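A.B. asks: No letters, just coordinates:
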């Protein structure tokens, strides 16, 4: 088989073409064996994916987590074989048996790529649009990382310069999140993104003419992207030379993000299945697989057939990757020699360590003063910002309300932005009114590594973020959501802005830790615990914070355990336990005073995080909520769904099982029965039910 290149611009040999055709055959065979999946796009995208993995990307199969690597995002996760086959060919650890076990129990090749499950998979994709938004976050993180470690280096000269490559589909670009994220990328002039748009004109319901008619490239041009189009070769396949040139041109464009629309034919070159919606999500069938193998010059009786010279050719990438890695290491050492202070910072951050004495900067708030927890959070953030340069973030255009401005003099904005605080490496991110994109960009930032990110909005607008929040939990990403205005306590804006079901709904997401501090000191402790957990126990955290002032109590380190005794019963063992979170803890405290005055020993438990509390051992949990005390009341200004597991049969819940209204928050709490008196009444009912 000839290895002579067919062009001087791109070394494209017969072995390269055979490897591409092998990728197509492996995609067909994998789906055919399991009986379900998405073969068509993996077949048509095989040349593009091969170009990226074998000819363009800087990566090292022997060290998939190399900090200097390019990133690759497959936004249409349904075509997971596009990625899996390239990981197999390139030597990232997948073998033919992994492709044979595609979409089966325990395999490394699940139906959609999963971060942390398969080596070489940079993000979990599946819900369309998430991947391109993750790529935007990765590109933002790459720029911020450069600002931390090597801001003065000329463009392209830093070891921290790399490219974020993404493949996107019609489905990705129809989802609204892609519009949010792509608008943000254009505004930020993220010249380190290259997106390849698979323009195959096919969706599950047939030709995309059923639902899509805009000129996508004009849309992206309006966003501020560099746009190109690559037409098919005469055969109907990719013109690999034209595509390679377009990808190189996009990579060279450093002042704008780039998108390349490539017209493809799904399932090419299957004689009957190509250009059909059936090829999108169904096995081609044995006869069509055999016919396609004949077209490609493969034995139709052979399955998962890979020529030895093909796999030897593609896995030469392992050695090329090591060489690229070694060259980068040399460049990094030169940088280290010239930047000892920044090198020490780089080492600390990459090790996931915190600077010595960082906790000492955290404020301790004076008991007795009323402080909104959103305000306390802002003070903690600014304090942490002074010792953690890797900490950055912002808000979905609500920074003044969320108190998420870590540095008002430094905004993450590109060169040329007219604002006086604009800085390409700034600390404060203005996500704009794009909650969904903010959530997914935060995921991309966390996936990229080497920084710590937070993002704020009103708790009610967590609904806009929910798909991204769910994926953060699925991937165990250490992102922090600053969700303020956490109840009807926000007042006059009314029921559209007052979260009622949100706390319970968010707590229903496995792996998401919801933290609703009772006061300023619990807020500081919560931030401290979240900061500690970033590396040791990564997970997304949502801080639910008040708009209104709340009383400040003595700081108690046990708040980091999620639930603790805030006020103990006096005059004997507790007869009733009052459990509260957030702004309603004060109602439990007031109710305790009344019950104690009536001779009823009453314990108040503050439970800022149900999830943290459930992590504690049974012994600790039972010291806080003794099984012998069955008279219990939980109070929270939202639906009571969370609390049934804690109150038992005799317990009562003071909650809000309907939407709010527009009025002063004090009026709302009174009119809706969220009062200390209501808690006292519930406690007496619980005592009666418990026979106490």
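C.D. replies: Ah, there it is. The structure displayed is predicted, hence computed values, not measured ones. Residues are numbered from 1 along each chain as shown.
A.B. asks: From now on I want contacts and neighbour counts done on CA atoms only, so please keep to that.
C.D. replies: Will do.
A.B. asks: what's stretch 617-636 in contact with?
C.D. replies: If you take CA atoms under 8 Å, 6 or more residues apart in numbering as the criterion, stretch 617-636 is touched by 563-565, 574-582, 584-585, 587-588, 605, 613-614, 643, 647-648, 650-656, 679, 682-683, 686-687, 689-690, 692.
A.B. asks: residues touching the residue nearest in space to the middle of the chain, list them.
C.D. replies: By CA atoms, centre = their mean, the chain has its centre lying nearest to residue 443, at 2.3 Å. Neighbouring residues of residue 443 by CA under 8 Å, 6+ apart: 134, 137, 468, 472, 477, 479.
A.B. asks: Show the pLDDT at it.
C.D. replies: Here the pLDDT value assigned to residue 443 is 98.
A.B. asks: for residue 3, same thing?
C.D. replies: At residue 3, the pLDDT value in this model is 39.
A.B. asks: Residue 434 too?
C.D. replies: 98.
A.B. asks: Then residue 6?
C.D. replies: We have a pLDDT of 43 for residue 6.
A.B. asks: same thing with residue 233?
C.D. replies: Predicted confidence (pLDDT) for residue 233: 82.
A.B. asks: In contact with it, which residues?
C.D. replies: Counted by CA under 8 Å, 6+ apart, residue 233 has contacts residue 239.
A.B. asks: who touches residue 499 in this structure?
C.D. replies: 459, 460, 486, 487, 488, 638.
A.B. asks: Quickly note the distance from the fifth one to residue 395.
C.D. replies: Per CA to CA, to the nearest Å, residue 488 is found 21 Å from residue 395.
A.B. asks: Regarding the residue nearest to the centre of the chain, what is its secondary structure?
C.D. replies: helix (DSSP: H, G, I helix; E, B strand; the rest coil).
A.B. asks: and the helix or strand where residue 382 lies, what does it pack onto?
C.D. replies: Residue 382 belongs to helix 373-385 when elements are defined using DSSP states H and E. Applying 3 or more CA pairs under 8 Å, 6 or more residues apart in numbering; DSSP states H and E, one finds that helix 373-385 contacts strand 391-395, helix 399-402, helix 520-536.
A.B. asks: rerun at 10 Å
C.D. replies: With contacts taken as 3 or more CA pairs under 10 Å, 6 or more residues apart in numbering; DSSP states H and E, helix 373-385 sits against strand 391-395, helix 399-402, strand 480-484, helix 520-536, strand 541-544, strand 549-551.
A.B. asks: ranges for the strands of the stretch 301-450 of the chain?
C.D. replies: Per DSSP state E, counting those that start in this stretch, the stretch 301-450 of the chain carries strands over the ranges 370-372, 391-395, 411-412, 422-423, 428-430.
A.B. asks: of the ones you listed, which approaches residue 91 most closely?
C.D. replies: Proximity to residue 91, assessed across the strands of the stretch 301-450 of the chain by CA to CA, is greatest for strand 391-395 (35.1 Å).
A.B. asks: Adjacent strands (with direction) for that closest one?
C.D. replies: Sheet pairing of strand 391-395 (DSSP bridges) gives strand 428-430 (parallel), strand 452-458 (parallel).
A.B. asks: ok, back up a step: would you reformat the contacts of residue 499 as CSV and include distance to residue 27?
C.D. replies: Formatted as CSV, those follow (distance: CA to CA, whole Å):
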residue, distance to residue 27
459, 43
460, 43
486, 48
487, 50
488, 53
638, 49
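A.B. asks: which among these gets closest to residue 280?
C.D. replies: Among these, residue 460 lies closest to residue 280 (CA to CA), at 36.9 Å.
A.B. asks: just checking, residue 238 touches residue 264?
C.D. replies: Yes - using CA atoms under 10 Å, residue 238 is in contact with residue 264, at 7.1 Å.
A.B. asks: What is the longest helix of this structure by residue count?
C.D. replies: When the chain is parsed with DSSP state H, its longest helix is helix 316-338.
A.B. asks: Flag every buried residue along that helix.
C.D. replies: Of all the residues in helix 316-338, those buried under the rule 16 or more other CA atoms under 10 Å are 317, 318, 320, 321, 322, 324, 325, 328, 332, 335, 336.
A.B. asks: Closest to residue 415 out of those residues?
C.D. replies: Using CA to CA, the shortest approach to residue 415 within the buried residues of helix 316-338 belongs to residue 335, at 24.0 Å.
A.B. asks: Distance of that closest one relative to residue 476?
C.D. replies: 32 Å.
A.B. asks: From residue 665, how far off is residue 28?
C.D. replies: According to CA to CA, residue 28 and residue 665 sit 61 Å apart.
A.B. asks: Tell me which of these two has more neighbours.
C.D. replies: Each of residue 28 and residue 665 has its neighbours counted (other CA atoms under 10 Å); residue 28 has more, 31 against 19.
A.B. asks: picking up where we left off before, now the helix holding residue 382 and strand 391-395, what's the angle there?
C.D. replies: Taking axes from the mean of the first three to the mean of the last three CA atoms, to 10 degrees, one finds that helix 373-385 is oriented at 150 degrees with respect to strand 391-395.
A.B. asks: Distance from helix 373-385 to the middle of the chain?
C.D. replies: From the chain centre to the centre of helix 373-385 is a distance of 23 Å (CA atoms, centre = their mean, to the nearest Å).
A.B. asks: tilt between that helix and helix 520-536?
C.D. replies: Interaxial angle of helix 373-385 relative to helix 520-536 (the same axes, to 10 degrees): 50 degrees.
A.B. asks: angle of helix 373-385 against strand 480-484?
C.D. replies: Using the same axes, to 10 degrees: helix 373-385 against strand 480-484 is 150 degrees.
A.B. asks: and helix 373-385, average pLDDT?
C.D. replies: Here helix 373-385 scores 98 as its mean pLDDT.
A.B. asks: of the strands paired with strand 391-395, which approaches residue 609 most closely?
C.D. replies: Comparison of the strands paired with strand 391-395 against residue 609 by CA to CA identifies strand 452-458 as nearest, at 18.2 Å.
A.B. asks: Summarise which helices and strands the helix or strand just after the closest one is packed against.
C.D. replies: Remark: after strand 452-458, the chain's next helix or strand is helix 462-475, criterion DSSP H and E. Helix 462-475 is packed against helix 130-149, helix 176-188, helix 435-448, strand 480-484, helix 502-507, strand 541-544, with contacts defined by 3+ CA pairs under 10 Å, 6+ apart.
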